[in-house]
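> quick one, fold the following:
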Amino acid sequence: MENQPSELYQAIDAFIQTTTMEEAIEIIEQHQELLTDNADILFSTIISNARTQGHENTAKALDERRDFIRSIREEKTSL
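The predicted structure is shown next:
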């Protein structure tokens, strides 16, 4: 993960910390880099690390967050 830009990691962290859909959408609008392949790869790495460390519930929650970003990404590319 050290090869990933810290700004991207911070954007993902901010997104993960949101508690409402409105907040999540606001973070995505503020950080368009969350819709990139690099963000998806970093998210996958974070999820994989959670699973490796035995944090399955966290990994599932992060999977849902990643899927939400993917759905917004697909929606934007289909417009």
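
> contacts for the strand or helix carrying residue 61?
Taking DSSP states H and E as the definition, residue 61 sits inside helix 56-77. The contact list for helix 56-77, computed with C-beta atoms under 8 Å, 6 or more residues apart in numbering, reads 15-16, 24-25, 28, 34-35, 39-40, 43-44, 46-48, 50-51. C-beta: built from backbone N, CA, C; applies to glycine.

> do that again at 6 Å, thanks
Residues from elsewhere that reach helix 56-77, judged by C-beta atoms under 6 Å, 6 or more residues apart in numbering: 28, 34-35, 43, 47, 50-51.

> quick one: buried residues of it?
58-59, 62, 65-66, 69, 72-73 (16 or more other C-beta atoms under 10 Å).

> coming back round to it: which of the contacts of helix 56-77 are buried?
28, 34-35, 43, 47, 50.

> now, among those, which is nearest to residue 79?
Distance to residue 79, by C-beta to C-beta, is smallest for residue 35 among the buried ones among the contacts of helix 56-77, at 12.6 Å.

> picking up where we left off before, can I get the helix holding residue 61 in CSV, CA atoms only?
Extracted in CSV, the C-alpha atoms of helix 56-77 (Å, rounded to 0.1, in the frame of the first residue of the first chain):
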residue,chain,number,x,y,z
GLU,A,56,-14.7,-10.7,8.3
ASN,A,57,-17.5,-8.3,9.4
THR,A,58,-15.3,-5.3,8.6
ALA,A,59,-14.4,-6.8,5.2
LYS,A,60,-18.1,-7.3,4.4
ALA,A,61,-18.9,-3.7,5.4
LEU,A,62,-16.1,-2.5,3.2
ASP,A,63,-17.3,-4.7,0.3
GLU,A,64,-20.6,-3.0,0.5
ARG,A,65,-19.0,0.4,0.5
ARG,A,66,-16.8,-0.5,-2.5
ASP,A,67,-19.9,-1.8,-4.3
PHE,A,68,-21.6,1.5,-3.7
ILE,A,69,-18.7,3.4,-5.3
ARG,A,70,-18.8,0.9,-8.2
SER,A,71,-22.5,1.5,-8.7
ILE,A,72,-21.9,5.3,-8.8
ARG,A,73,-19.0,4.8,-11.2
GLU,A,74,-21.1,2.7,-13.5
GLU,A,75,-23.9,5.2,-13.4
LYS,A,76,-21.6,8.0,-14.3
THR,A,77,-20.0,6.1,-17.2
